[in-house]
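**Q** Structure for the following, please:
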Amino acid sequence: MEITSFFNRESIKNIFFILMGTLMSAIGINMFIVHAKLLSGGVSGIALIIQYLTKFPAGYTIFLLNIPLLILSYKKVNLRFTIFTIIGTVSLSLFLVLTYAIKNILHINDPLLLSLYGGVLNGLGMGIVFSNHGSTGGLDIISVIVKKKYDNFEIGHISFIVNFFIVAIGAIFFGLTSALYTLVSMYITSYMVDKTIKGFNRQKMVLVVTDKVEEVSKEIMTTLKRGVTLLHGEGAYTKENKKVLYSIVSLTQLPQLKFIVHQIDENAFISILDVAEVHGKGFMRELF
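**A** Residues are numbered from 1 along each chain as shown. Take a look at the predicted model:
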């Protein structure tokens, strides 16, 4: 890939949100996690251990540990991934240094509150980075390289081993209580990353089997302003051809849809499934 073709409108938008995400993550780490003397996952956790023991800023450690990994990424992965990873790694390192003093703003000493809010902010920031094809280096680089070489290798194994090591070190040097709160923070971070990538806007996929296909579909499109797709099916027992209505609605529209269907056909069969993401006309665009 040519470096000149990389900086298009979409890439610039991705870079902007990667910067916002790393800033949010840095604030979460310094304001809450460092304030409570907890750890985080991956290279950031290792950097925080070094910071607590030697007073050497975690931002510098993250940058230094990632230099050989970034070189490896350029050789083994691809230019786009490497550029986004460099931006994510450098910005996180820089923001951790610039926001270091922010840990003195809060005068709260409740480690549970600090671990929860630190996990939320850190996870939200990392989720924004990942949603924009970014990375903050460390385990992400190792995971991509290993996955390319060994397709059946579970990336989660690497993360589990490293994070187990980090929590164990935390228990030895900072006590079991600190290690347990670190686990809470790591879980919240992981949860927030997942929710941010998948999206908070909960939607429902609805399948309706009815003998009054035309009436039901027309009412859904008119009243709820949602599209309907007709799927062709066959009854396994009756061998009759059936049309199945397929539609996506928001959680708040679900009761109204069920009311519409049963008003028209009280014998209709409705199946409702969770949907992680929805892209398309009529639905809110992804925030990130």
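
**Q** Stretch 28-45: end-to-end distance?
**A** Terminal residues of stretch 28-45 are spaced 13 Å apart (C-alpha to C-alpha, to the nearest Å).

**Q** Next up, phi/psi of the nearest residue to residue 211 once chain neighbours are set aside, please.
**A** Among residues not flanking residue 211 along the chain, residue 265 sits closest, at 6.4 Å (C-beta to C-beta, 6 or more residues apart in numbering). Backbone N, C-alpha and C define where each C-beta goes, glycine included. Backbone geometry at residue 265, expressed as degrees, to the nearest 10, gives phi -140, psi 100.

**Q** and the longest helix anywhere in the chain, which residues are buried?
**A** Longest helix in the chain, counting residues (DSSP state H): helix 176-198. If you call a residue buried by 16 or more other C-beta atoms under 10 Å, then helix 176-198 has these buried ones: 178-179, 181-182, 184-186, 188-190, 192-193, 196-197.

**Q** Run a quick neighbour tally on the residue nearest to residue 211.
**A** Other residues within reach of residue 265, judged by other C-beta atoms under 10 Å, total 17.

**Q** right, and it touches residue 212 too?
**A** Yes - if you go by C-beta atoms under 8 Å, residue 265 and residue 212 touch, sitting 4.6 Å apart.

**Q** in this structure, what secondary structure element scores lowest on mean pLDDT?
**A** Ranking every helix and strand in the chain by mean pLDDT, DSSP states H and E puts helix 3-6 at the bottom, with a mean of 55.

**Q** Could you check the pLDDT of the closest residue to residue 76 other than its chain neighbours?
**A** Nearest residue to residue 76, sequence neighbours excluded (C-beta to C-beta, 6+ apart): residue 145, at 5.0 Å. At residue 145, the model reports a pLDDT of 73.

**Q** Quick check: phi and psi on residue 145?
**A** phi -70, psi -50.

**Q** go on, residue 162?
**A** phi -70, psi -40.
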